[in-house]
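Asker: The following block contains a protein sequence and its predicted model.
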Amino acid sequence: MHKAIGVRLTAPLLATALGSAALLLAPVNAAAAAQAAPTAAAAVPGMAAAPYEYLGWGSPQKPTDVMKATGVKWFTLAFILSDGGCNPKWDGSRPLAGGSDEAAIKSIRAAGGDVMVSVGGWSGNKLGEKCSSASALAGAYQKVIDAYGLKALDVDIENTEFSNATVRQRVVDALKIVKTKNPGIVTYITMGTTPTGPDATGKDLIKRGAAAGLANDGWVVMPFDFGGHSGTMGQATVSALDGLKAAVKSAYGYSDDAAFRHIGVSSMNGKTDEAGETVTTADFRTILAYAKQHHLARFAFWSVNRDRACGSGADADACSGIAQSPYEFTKIVVQYQG
């Protein structure tokens, strides 16, 4: 989703051969997962509306300044990557403890807010690929959870991590371990989408989650960088979410209401990396109305860094590319409470 221009790209979705193993997947544990899956995201005020902020680039604003200006309480901080092995670091290089990232988290909490951490993104070395087993990957996730006492974890699965069936299965199995070891933790899996919902790879990922009995709190799509769509970006987002709901309902055997409560959206504000594709505040209001109507698990966007107009020489990682007042998009998202 997070296609930060040049850094985090939800590029045209990768076509992937599913392989014969996918044909064997069935939601054998879907009923158990459906029963076990709590609507925990709605239980923590503000968690459902946690926009992304990337503290490593894009002239990040002080999170506490954003909180004062908008009333937002939660942030999704990105990204945790591999340091070259099965060990988590911010951007693959900054330590979990003792640095600017931990200081930012402490400042957010001191101001009455909280954070979830996002693992993955488009660029860099992915833990899902560098960790050789589900248990090792779960151990890497656990280091992040323990470092900050997290209540929620986002796995933003993109690029080569998304396109590899073995890695998709490893991520699912690792998150199931995390769920077992951390009762009540909220997990999101975030991925790209087409205007009509997840592509074959995304549907395979959801089916693998159901087959494993993963009680994932939110299957989240990034509805932009479509490579072509009809109507407004708000309408295309609604169409993508309808397709996501259908895929999750089918895989898990949920009711319509339960399926909606286990999906989410992470949009991109302003101009995306695709020429002619712009997400407006009107589009965000369309998404907000849909989220409220169906009680989605999550309404986030990429990113707080970009939630301002561009000044002279500003790059697209640090501004929206459209005329706007500061934090217009965040102020819409914060209205969503689950």
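Answerer: Ah, there it is.

Asker: going forward, measure contacts between C-alpha atoms and count neighbours the same way
Answerer: Fine.

Asker: This structure: strands as residue ranges?
Answerer: 52-54, 74-82, 88-90, 114-121, 152-157, 186-192, 218-222, 263-268, 270-271, 278-279, 298-302 (DSSP state E).

Asker: Can you mark which positions in the third one are buried?
Answerer: Translated: strand 88-90. In terms of neighbour count (16 or more other C-alpha atoms under 10 Å), strand 88-90 has its buried residues at Pro88, Lys89, Trp90.

Asker: quick one: contacts for the second one?
Answerer: In this case it means Lys89. Counting by C-alpha atoms under 8 Å, 6 or more residues apart in numbering, Lys89 makes contact with Ile80, Leu81, Ser82, Asp83, Pro95, Leu96.

Asker: One more pass at 6 Å, please.
Answerer: For Lys89, the contacting residues are Ile80, Leu81, Pro95, Leu96, by C-alpha atoms under 6 Å, 6 or more residues apart in numbering.

Asker: Would you tell me which one of the residues you listed comes nearest to Phe284?
Answerer: Each of those was scored against Phe284 by C-alpha to C-alpha, and Ile80 proved nearest at 27.0 Å.

Asker: for the spatially most central residue of the chain, which residues make a bridge with it?
Answerer: Compute the mean C-alpha point of the chain, and by C-alpha atoms, centre = their mean the closest residue is Thr190, 3.8 Å away. Thr190 has these beta-bridge partners by DSSP bridges: Asp156, Val220.

Asker: how about it, what does it touch?
Answerer: By C-alpha under 6 Å, 6+ apart, the residues touching Thr190 are Asp156, Val220, Val221.

Asker: Could you check how far the spatially closest residue to Phe75 that is not a sequence neighbour is from Pro195?
Answerer: Once flanking residues are discounted, Phe75 sits nearest to Ala50: 4.4 Å by C-alpha to C-alpha, 6 or more residues apart in numbering. Applying C-alpha to C-alpha, to the nearest Å, one obtains 23 Å for the distance of Ala50 from Pro195.

Asker: before we move on, the earlier item: my guess is the residue nearest to Phe75 contacts Trp74. True?
Answerer: Yes - if you go by C-alpha atoms under 6 Å, Ala50 and Trp74 touch, sitting 4.7 Å apart.

Asker: chain center to stretch 74-90: distance?
Answerer: Here stretch 74-90 is found 14 Å from its chain centre; the criterion is C-alpha atoms, centre = their mean, to the nearest Å.

Asker: For it, C-alpha coordinates in CSV please.
Answerer: Only the C-alpha atoms of stretch 74-90 are listed here, as CSV (Å, rounded to 0.1, in the frame of the first residue of the first chain):
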residue,chain,number,x,y,z
TRP,A,74,-3.0,5.5,17.3
PHE,A,75,-0.3,5.3,14.7
THR,A,76,0.9,2.4,12.5
LEU,A,77,4.7,2.8,12.5
ALA,A,78,6.6,1.5,9.6
PHE,A,79,8.7,-0.6,8.7
ILE,A,80,10.3,-3.4,10.5
LEU,A,81,12.6,-5.4,8.1
SER,A,82,15.3,-8.0,8.3
ASP,A,83,18.8,-7.0,9.2
GLY,A,84,20.0,-9.5,6.6
GLY,A,85,19.1,-12.5,8.8
CYS,A,86,16.1,-13.5,10.9
ASN,A,87,16.4,-10.4,13.1
PRO,A,88,14.0,-7.4,13.1
LYS,A,89,15.2,-3.9,12.9
TRP,A,90,13.7,-0.6,11.8
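
Asker: which stretch among the strands of the chain comes nearest Asn164?
Answerer: In terms of C-alpha to C-alpha, the element of the strands of the chain nearest to Asn164 is strand 152-157, at 10.5 Å.

Asker: what about the closest one, average pLDDT?
Answerer: Mean per-residue pLDDT for strand 152-157: 98.

Asker: before we move on, what about stretch 290-297?
Answerer: Averaged across stretch 290-297, pLDDT comes to 98.

Asker: Could you list the buried residues of it?
Answerer: For stretch 290-297, burial by neighbour count (16+ other C-alpha under 10 Å) applies to Tyr290, Ala291, His294, His295, Leu296, Ala297.

Asker: OK, contacts around the third one?
Answerer: Under the criterion of C-alpha under 6 Å, 6+ apart, the neighbours of His294 are Phe260.
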